[in-house]
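Student: Make a model of this:
(chains A, B, C and D)
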There are 2 protein chains.
Amino acid sequence: MEETTSVKQPVTDNTRERLLDRSEILFAHKGFAAVSVREITGSANCNLSAVNYYFGNKMNLYISVFKERWIPRMKQVRQYADDYLSSRQTIGISDIIRAFAKAFLDGPITDEERIYHFHLMQREIAHPTEALKMVVDEIIHPMHKDIRGLIKPSLPENLSSEKLALSIFTTISMILYFGFAQPVISLVMDQKFDPAFKSRVIDHIVSFAMNGINGLKKEETV
Amino acid sequence: MEETTSVKQPVTDNTRERLLDRSEILFAHKGFAAVSVREITGSANCNLSAVNYYFGNKMNLYISVFKERWIPRMKQVRQYADDYLSSRQTIGISDIIRAFAKAFLDGPITDEERIYHFHLMQREIAHPTEALKMVVDEIIHPMHKDIRGLIKPSLPENLSSEKLALSIFTTISMILYFGFAQPVISLVMDQKFDPAFKSRVIDHIVSFAMNGINGLKKEETV
DNA sequence: TTGACATTCAAACGATCGTTTAATACAAAC
DNA sequence: GTTTGTATTAAACGATCGTTTGAATGTCAA
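Tutor: Take a look at the predicted model:
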């Protein structure tokens, strides 16, 4: 049987992919410096030299994790929110909030993924590398602007852009907090993050933020 | 002149205090593993062996930072909120929210302190050591219970305790977010965190959370 | 079979890590 | 002055770090 070029195995950079997968988890969990190249390559079941062979050095692997894992995942999450919204006939503010809350907390990524995804970002905020600016420019800033564009039509025209921006940040803050502070929440509330609880959390966020934004509307129009 | 024992210099563990001060900042900024003992002792202007002399080892210095810096600072913040509230004749929900928002964001600690204080906590959440449980048991859990006790009288009796707990967490999440995500917020809003802006942020948090909790009240009593 | 290329591997490099040691400096007590 | 105990210092320890090297292995085209 003649093999076709199309069926041919992707010459697979399989080791490269495994390195990205495993190192993302380790970097998120322990931080860049706390993870050794030996730990990464051990976890990825490959030779010590593989990091330098595929990525040049450890730092470039770290940057590549953001380029090839973190950013694509955010685009996936974002796509989920967009799909949710475009499936609706009318789009109110609560739909927008729910779209993003669901996308982040109950969307296309697993619970485990979400947690280390957030942890990576927090570590960048505490100790920025070139990854932070890349991520803010490519993902966070555009997303923020898009949300602003979505919400604005539902709000009074004279609402100051600062109040709108602050409202978006506070809403996002609630979503993010439940995404990363689960250990603390579980300890204090004595409550596991099972699907039922997560669903109640999303409902809570939506109604809480809705009331916040609607209140804003009233204040302004008075 | 005879020296009195009471005037006698505190035999000052000055080096010990400097080690705590400097290492807290470094640990918060870079993480435990990313900071070397040499960097700490260099920053504290003392000999390399001082860490082991005063704290036994590096990890115990880290734990001591939480015991002797982080937890006392939280008690200081908490005291600020309590003082604010006890200076009022009547205490409404908005007073409670403002008390804690001010205590955290505009209270007795400096902006720099607040940032590394939060970063230390985030690192603990991402990669818990024995410090996390200590901090949750001694500070966070009690504070949460106290806030609950303060707010409860102003809410309908039939409000589920879960909804109350979630409301507290969401309110806290807003406060914390503005405490640690300043780099991102500044980048996106193109706005420095000067005192005027901080004051508007606090007002925003108070009204946003107030509307959220009041909405909760209405939902429940229907 | 041969040659070219991509990948994996074991071994070693110098640098830096946390920690230990033993000597020294210094002040107060006797 | 001597003793005592605390604090600081320089030097060294073995372990581990990121990275480099050069050989071994596998793959496919010629």
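
Student: Spit out the contact partners of the residue nearest the centre of chain A.
Tutor: Closest residue to the average C-alpha location of chain A: residue A:74 at 5.0 Å, with CA atoms, centre = their mean. Each residue near residue A:74 by CB atoms under 8 Å, 6 or more residues apart in numbering or on different chains is listed here: A:135, A:139, A:143. Backbone N, C-alpha and C define where each C-beta goes, glycine included.

Student: Find the nearest non-adjacent residue to the first one, please.
Tutor: Take residue A:135 and drop its neighbours on the chain: the residue closest to it by CB to CB, 6 or more residues apart in numbering or on different chains is residue A:66, 6.2 Å away.

Student: Next: residue A:202.
Tutor: Spatial nearest neighbour of residue A:202, chain neighbours left out: residue A:101 (4.9 Å); criterion: CB to CB, 6+ apart.

Student: what does whatever helix or strand the one you found lives in contact?
Tutor: Element membership for residue A:101 (DSSP states H and E) is helix A:93-106. Applying CB under 8 Å, 6+ apart, the contact partners of helix A:93-106 are A:77-78, A:80-82, A:84-85, A:88, A:114, A:147, A:150-151, A:154-155, A:171-172, A:175-176, A:178-179, A:195, A:198-199, A:201-202, A:205-207, A:209-210, A:213-214.

Student: Cross these against helices and list the overlap.
Tutor: The helices, defined by DSSP state H, take in A:77-78, A:80-82, A:84-85, A:114, A:147, A:150-151, A:171-172, A:175-176, A:178-179, A:195, A:198-199, A:201-202, A:205-207, A:209-210, A:213-214 from those.

Student: Can you tell me which of these are buried?
Tutor: A:77-78, A:80-81, A:84-85, A:114, A:147, A:150-151, A:171-172, A:175-176, A:178-179, A:198, A:201-202, A:205-207, A:209-210, A:213-214 (16 or more other CB atoms under 10 Å in any protein chain shown).

Student: quick revisit: next, the buried residues of the helix holding residue A:101.
Tutor: Of the residues in helix A:93-106, A:93, A:95-106 count as buried by neighbour count, 16+ other CB under 10 Å.

Student: And what about residue A:159, helix, strand or coil?
Tutor: When classified by DSSP: H, G, I helix; E, B strand; the rest coil, residue A:159 comes out as coil.

Student: Report how many residues lie close to it.
Tutor: Neighbour count of residue A:159, defined by other CB atoms under 10 Å in any protein chain shown: 18.

Student: could you measure it against residue A:166, distance?
Tutor: Distance check for residue A:159 against residue A:166: by CB to CB, to the nearest Å, it reads 11 Å.

Student: Look at residue A:34 and report its pLDDT.
Tutor: Listed pLDDT for residue A:34 reads 97.

Student: now residue A:188
Tutor: Reading off the model, residue A:188 has pLDDT 85.

Student: just checking, what packs against the helix or strand harbouring it?
Tutor: Per DSSP H and E, residue A:188 falls inside helix A:182-189. Counting contacts by 3 or more CB pairs under 8 Å, 6 or more residues apart in numbering or on different chains; DSSP states H and E, helix A:182-189 is packed against helix B:141-151, helix B:161-180.

Student: which residues touch the helix or strand of chain A with the lowest mean pLDDT?
Tutor: Lowest by mean pLDDT, DSSP states H and E among the helices and strands of chain A is helix A:182-189, with a mean of 83. Helix A:182-189 has contacts (CB under 8 Å, 6+ apart) with A:115, A:178, A:191-193, B:125, B:128, B:132-133, B:136, B:140-141, B:144, B:162, B:165, B:169.

Student: top of those residues by neighbour count?
Tutor: Counting neighbours by other CB under 10 Å, residue A:178 comes out on top of those with 24 neighbours.

Student: ok, so what distance separates the residue lying closest to it once chain neighbours are set aside from residue B:113?
Tutor: In space, and not counting its chain neighbours, residue A:178 is closest to residue A:201: 5.4 Å by CB to CB, 6+ apart. Distance of residue A:201 to residue B:113, given as CB to CB: 31 Å.

Student: before we move on, what about residue A:87?
Tutor: Using CB to CB, residue A:87 is found at 47 Å from residue B:113.

Student: So the two - more neighbours on which side?
Tutor: When neighbours are counted by other CB under 10 Å, residue A:87 and residue B:113 differ, and residue B:113 comes out ahead with 16 against 9.

Student: residues contacting the closest residue to that one other than its chain neighbours?
Tutor: Leaving aside its sequence neighbours, residue B:113 sits nearest to residue B:73 (CB to CB, 6+ apart; 7.0 Å). Taking CB under 8 Å, 6+ apart, we find residue B:73 in contact with B:109, B:113, B:117.

Student: quick one: residue B:73 and residue B:115, what's the gap?
Tutor: Residue B:73 sits 12 Å away from residue B:115, going by CB to CB.

Student: mind listing what's buried in the least confident helix or strand of chain A?
Tutor: Using 16+ other CB under 10 Å as the test for burial, helix A:182-189 gives A:182, A:183, A:184, A:185, A:187, A:188, A:189.
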